[in-house]
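Chemist: let's see this in three dimensions:
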Amino acid sequence: MIFVMLGTQNNSFHRLLEEIDKLMENRIIIENVIVQAGYTKYQPKSENMKVLDFISREELDTLEQEANFIITHGGVGSIITSLEKGKKVIAVPRLHEYGEHVNNHQKEIVEKFNKGGHIIGIQSIEELEEAIKRVKDFEPKPYVENNQKMLKIIENFIDSI
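Modeler: Residues are numbered from 1 along each chain as shown. Okay, here's the model as predicted:
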């Protein structure tokens with residue numbers, strides 16, 4: 001099963017689900033797909049795609065654990081929780097020009113995690129097919145949070161009081 005996480009932004013990410021549906025129709029994706037869609041209202045063409053609006057944290061955790069891999073928007077929380085569960089992740093940024101977000105910061109987030117070798121990050125929907133073909137053999141580098149920088153900032157702030 002492939003789990004798709006669109007987060008809880010109150011903007012649609014219809015574009016991604018349309019592409020996944022197309023890849024299912026063309027048999028690039030042959031697995032069942034479950035989507036945590038949030039505010040994205042989408043009627044799938046494929047009977048093997050199940051779209052859920054909002055789900056509990058427990059159900060989200062269960063679906064992440066059960067997934068063979070995860071396709072997510074470029075939100076830091078969605079990427080990190082998937083990596084913490086040891087999942088292979090394909091991340092696709094929501095883009096401002098499509099009304100999917102207020103700016104294009106998700107492009108930078110996806111690029112950073114991709115350059116670190118933690119995920120397969122793509123910048124264009126058209127790259128999703130190739131990313132799905134690559135994910136089986138993809139070996140992500142483990143993600144380790146770097147809290148030292150934040151701790152130093154807090155420490156310096158406290159010292160300055």
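Chemist: and the closest residue to M1 other than its chain neighbours, how many neighbours?
Modeler: Closest residue to M1 apart from its sequence neighbours, by CB to CB, 6 or more residues apart in numbering: N32 at 4.9 Å. C-betas here are computed from N, CA, C, even on glycine. Close neighbours of N32, defined as other CB atoms under 10 Å, add up to 15.
Chemist: which residues sit in contact with N32?
Modeler: Neighbouring residues of N32 by CB atoms under 8 Å, 6 or more residues apart in numbering: 1-2, 48-50.
Chemist: most centrally placed residue in this structure?
Modeler: T72 (1.6 Å; CA atoms, centre = their mean).
Chemist: direction included, what does the helix or strand containing that residue pair up with?
Modeler: For T72, the enclosing helix or strand under DSSP states H and E is strand 69-73. Sheet partners assigned to strand 69-73 using DSSP bridges are listed as strand 2-5 (parallel), strand 89-92 (parallel).
Chemist: okay, the residue nearest to M1: pLDDT?
Modeler: The model reports N32 with a pLDDT of 97.
Chemist: and the strands in the chain?
Modeler: 2-5, 33-36, 49-52, 69-73, 89-92, 120-121 (DSSP state E).
Chemist: comparing those strands, which comes out most buried?
Modeler: strand 89-92 (a mean of 27; mean count of other CB atoms under 10 Å).
Chemist: residues in contact with it?
Modeler: 16, 69-74, 78-79, 82-83, 109-110, 113-114, 118-122, 125, 128, 131-132, 135, 140.
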